[in-house]
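J.: how would this look folded up:
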Amino acid sequence: MMNNLLPDERIDDLHRNNYKIIQNTKKFCFGMDAVLLSDFAKVKAGENALDLGTGTGIIPILLEAKTKGKHFSALEIQEESADMARRSVELNQLQDKIDVVIGDIKEASKIFGGASFDVITTNPPYMTENHGLINPNMQMAIARHELLCSLDDIIRESSKVLKNNGRFYMVHRPFRLIEIINTLSLYKLEVKRMRFVHPYINKEPNMVLIEAIKGAKSMVKIESPLIVYERANVYKKDINEIYGYEE
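T.: I've put the predicted structure just below:
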């Protein structure tokens, strides 16, 4: 497999089931948000899950390692990222469990059909086109800014492909929380769980993990906050456990 690596690519250990992932050091690599989402999301035995905007496939690979889900699909519009995801699936011999599909999130319901999945996960672009500077590296720009799809596109298509009572999991930024909740509600997805992620115990949250259920009644549980760092460059115990690091 090492011979199949392209220039600037590397293989990283995921510390789960001896799984590994291919990444390009000059392009967008997965971050902590994807790892935290894979821990927050629940995929039960026999369930089928879809990851929207999968990038290099980190979320479905981790979910396959952590859960008893039946099958995982991954949708990605960028061919280069999808190719890396497919090669990572092959590297881990997960071809029977994970499918990587090249396609547009805005067309997800046409690609997969309505009411096709029990679970949706997504780590979407956090910024609209009007938020901050857009990275000149197009792959990074697409991952960070809503250039190819909007929050509305993601939630609308998620609602379409989810079965009734299906679960939707997202990681996002707290500053867009009201917009997120309103959009979820518009498409009959009711927030049931939220967990805020703080870099330090005395700092405001910079991420929020959200679970919504299609067709559910309105009632939400706010889970205890997740604190990332004990001190500079030292993860708290919960983070080490989520990553699968040995202490």
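J.: Using just helix, strand and coil, how would you label Arg10?
T.: Here Arg10 takes the strand state, with states given by DSSP: H, G, I helix; E, B strand; the rest coil.
J.: Number of residues surrounding it?
T.: In terms of burial, Arg10 registers 12 neighbours under the definition other C-beta atoms under 10 Å. Quick note: C-beta positions are derived from backbone N, CA and C, even for glycine.
J.: residues contacting it?
T.: When contacts are counted by C-beta atoms under 8 Å, 6 or more residues apart in numbering, Arg10 touches Ile22, Gln23, Asn24, Thr25.
J.: From Gly31, how far off is it?
T.: The span separating Arg10 from Gly31 equals 16 Å under the rule C-beta to C-beta, to the nearest Å.
J.: any chance you could map the strands in this structure?
T.: Ranges of strands in the chain, per DSSP state E, are 9-13, 20-24, 48-52, 71-76, 98-102, 117-122, 162-172, 189-198, 207-214, 221-222, 226-227, 229-231, 234-235.
J.: Deepest in the core, which of those strands is it.
T.: Relative to the other members of these, strand 48-52 carries the highest mean neighbour count by mean count of other C-beta atoms under 10 Å, namely a mean of 26.
J.: what angle separates that strand from strand 71-76?
T.: With axes from the mean of the first three to the mean of the last three C-alpha atoms, to 10 degrees defining the directions, strand 48-52 sits at 10 degrees from strand 71-76.
J.: Which elements pack onto strand 48-52?
T.: Counting contacts by 3 or more C-beta pairs under 8 Å, 6 or more residues apart in numbering; DSSP states H and E, strand 48-52 packs against helix 58-66, strand 71-76, helix 108-112, strand 117-122, helix 151-161.
J.: For the longest helix along the chain, buried residues please.
T.: Determined from DSSP state H, the single longest helix within the chain is helix 79-91. Counting neighbours by 16 or more other C-beta atoms under 10 Å, one finds that the buried residues in helix 79-91 are Ser81, Ala82, Asp83, Met84, Ala85, Arg86, Arg87, Ser88, Val89, Leu91.
J.: can I get these in TSV with pLDDT and distance to Glu241?
T.: Conversion of those to TSV gives the following (pLDDT from 0 to 100; distance: C-beta to C-beta, whole Å):
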residue	pLDDT	distance to Glu241
Ser81	94	28
Ala82	96	30
Asp83	96	32
Met84	96	27
Ala85	97	26
Arg86	97	29
Arg87	97	29
Ser88	97	23
Val89	98	25
Leu91	97	25
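J.: Output the helices and strands packed on strand 48-52 in TSV; the columns should cover distance to Ile227 and mean pLDDT.
T.: What follows is those, written out as TSV (distance: least, C-beta to C-beta, whole Å; pLDDT from 0 to 100):
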stretch	distance to Ile227	mean pLDDT
helix 58-66	21	98
strand 71-76	29	98
helix 108-112	34	98
strand 117-122	23	98
helix 151-161	27	97
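J.: Now render the ones you listed as a markdown table, adding distance to Phe40.
T.: Formatted as a markdown table, the helices and strands packed on strand 48-52 follow (distance: least, C-beta to C-beta, whole Å):
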| stretch | distance to Phe40 |
| --- | --- |
| helix 58-66 | 11 |
| strand 71-76 | 16 |
| helix 108-112 | 21 |
| strand 117-122 | 9 |
| helix 151-161 | 16 |
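J.: who wins for proximity to Lys192 among these?
T.: Using C-beta to C-beta as the criterion, the shortest distance between Lys192 and these is 13.2 Å, found for strand 117-122.
J.: what helices or strands is the closest one leaning on?
T.: Checked by 3+ C-beta pairs under 8 Å, 6+ apart, strand 117-122 has strand 48-52, helix 58-66, helix 151-161, strand 162-172 packed alongside it.
J.: Ok, which of those comes nearest Leu36?
T.: Put simply, out of the helices and strands packed on strand 117-122 the one that sits nearest Leu36 is strand 162-172, at 6.3 Å, with distance taken as C-beta to C-beta.
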